[in-house]
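Peer 1: Quick one, structure for this:
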Amino acid sequence: MKKFLPKIIAPSLLALSLAGLTSNALAGDEVLEQAQADLKAAQEAKAEWRFIDKAGGGSAQHLSKFMEIAQKKAEEGDTEEAHRLARLISKFSKLGIAQAEKQKDAKPYY
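Peer 2: Predicted coordinates for the structure are as follows:
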C-alpha cells in the first residue's frame, strides 16, 4: 500500500499543477479576450455572478462591471491588475455556467 500511493498521488499533483499553469499561460490581450468570451457565455446562460473585490470598491459588483474595470486598467498600463481581474472573471463565469447547468431543473423542496 505504501508503494502504491506515491504512484497515484505524484501524477495527480502534477496534473493539477499543470492545469493551474495553463489558465495563467495566456499572454497579453488573450487573457482579456478569454475573459470577455467567458463573460458573454455566462450572460447568455443567465449565470452572471457578483463578487467582492478591492478593485470594485470593496462592494459586490457584477462580473461585467469588473470587466469594464479590467479593460480600463489595461488601457492605463496596469496590466498585472487587468490580468488578475480577467482571470477572476473567467473563473467565476465558468463557475456560474456550471451552477446554472447543475440547477436548471431545481424545484422547491417542502
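Peer 1: Going by C-alpha atoms from here, please, whenever you check contacts or count neighbours.
Peer 2: Fine.
Peer 1: where do the helices sit along the chain?
Peer 2: For the chain, the helices defined by DSSP state H occupy 4-24, 29-44, 63-76, 79-102.
Peer 1: Among the ones you listed, which comes closest to residue 50?
Peer 2: Nearest to residue 50 among these is helix 63-76; the distance by CA to CA comes to 5.8 Å.
Peer 1: List the buried residues for the closest one?
Peer 2: 63, 64, 66, 67, 69, 70, 71, 73, 74 (16 or more other CA atoms under 10 Å).
Peer 1: wait, what's in contact with residue 29?
Peer 2: By CA atoms under 8 Å, 6 or more residues apart in numbering, residue 29 lies in contact with nothing.
Peer 1: ok, it to residue 36 distance?
Peer 2: 11 Å (CA to CA, to the nearest Å).
Peer 1: Then residue 101?
Peer 2: According to CA to CA, residue 101 and residue 36 sit 20 Å apart.
Peer 1: what's the answer for residue 70, then?
Peer 2: The gap separating residue 70 from residue 36 is 10 Å, by CA to CA.
Peer 1: neighbours around residue 45, how many?
Peer 2: By the other CA atoms under 10 Å criterion, the neighbourhood of residue 45 contains 15 residues.
Peer 1: That one reaches residue 97, doesn't it?
Peer 2: Yes: counting by CA atoms under 8 Å, residue 45 sits close enough to residue 97 to count as a contact (6.4 Å).
Peer 1: so what's the spatially most central residue of the chain scoring on pLDDT?
Peer 2: When CA atoms, centre = their mean is applied to the chain, the residue found nearest the centroid is residue 91 (1.1 Å). pLDDT for residue 91: 97.
Peer 1: got it, and residue 1?
Peer 2: 48.
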